[in-house]
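*Asks:* Structure here, sequence nowhere to be found:
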């Protein structure tokens, strides 16, 4: 499940979650944990209690994986105790971050998916190079790619910094067409052909929910 935090200090040209820049619902760390337990099947919601459900009825629905995302989740100081408490509760915890903030304060057990912004994002040169010193064999480095220029940047960055020796996976993810026509995406097949031509040891990352549901659908 996703815990999406409000707020981001970057403005990527192809951002598909601009709705997370503002708004949201203010919750304490413990309130978030309670809601996660409910959605994960570990605890009953008030509605389910009123309906006479028993915890055993939900045991097969237990969801063990929680991903912290945004916006930019590292902008909120409470992200650190939240991650610690989720781990202590037995969840596998992942975080998606823009790469601009230092990820070294997070508990080591957190699986970090760290972006490196490519030139066409409009946020090039925001990557915090110190992150390369603290990611490890369970983490991932991700490049969101919208053009040949982005691809070449990602290819050379990965080679220069030996990313395949630092992290579990290097992800190349093509930008998806904006449903409202605000930006043009990159055909996944085109990206794959470039990757195969260069024999890159990287993985293609697709936003599968945009193939399963309408690309603008929230909460899926």
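*Replies:* Cool, got the structure. This one's a predicted model, so the numbers in the text were calculated from it and none came from an experiment.
*Asks:* ok, the residue nearest to the spatial centre of the chain to residue 193 distance?
*Replies:* Centroid check for the chain by C-alpha atoms, centre = their mean gives residue 96 as the closest residue, at 3.0 Å. According to C-beta to C-beta, to the nearest Å, residue 96 stands 27 Å off from residue 193. Bear in mind the C-beta positions are built from the backbone N, C-alpha and C, glycine included.
*Asks:* List the strands paired with whichever strand or helix holds the residue nearest to the centre of the chain, with their directions.
*Replies:* Secondary structure from DSSP states H and E places residue 96 in strand 92-97. Strand 92-97 pairs in its sheet with strand 65-69 (parallel), strand 111-115 (parallel), by DSSP bridges.
*Asks:* In a markdown table: those strands, plus mean neighbour count and mean pLDDT.
*Replies:* Below are those laid out as a markdown table (neighbours: other C-beta atoms under 10 Å; pLDDT from 0 to 100):
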| stretch | mean neighbour count | mean pLDDT |
| --- | --- | --- |
| strand 65-69 | 18 | 96 |
| strand 111-115 | 22 | 98 |
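*Asks:* what would those look like in CSV with distance to residue 214?
*Replies:* What follows is the strands paired with strand 92-97, written out as CSV (distance: least, C-beta to C-beta, whole Å):
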stretch, distance to residue 214
strand 65-69, 20
strand 111-115, 24
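*Asks:* How about the contacts made by the residue nearest to residue 10 when sequence neighbours are not counted?
*Replies:* Computed as C-beta to C-beta, 6 or more residues apart in numbering, the closest residue to residue 10 that is not its neighbour in sequence is residue 123, at 4.8 Å. Applying C-beta atoms under 8 Å, 6 or more residues apart in numbering, we find residue 123 in contact with 10, 11, 12, 98, 100, 117.
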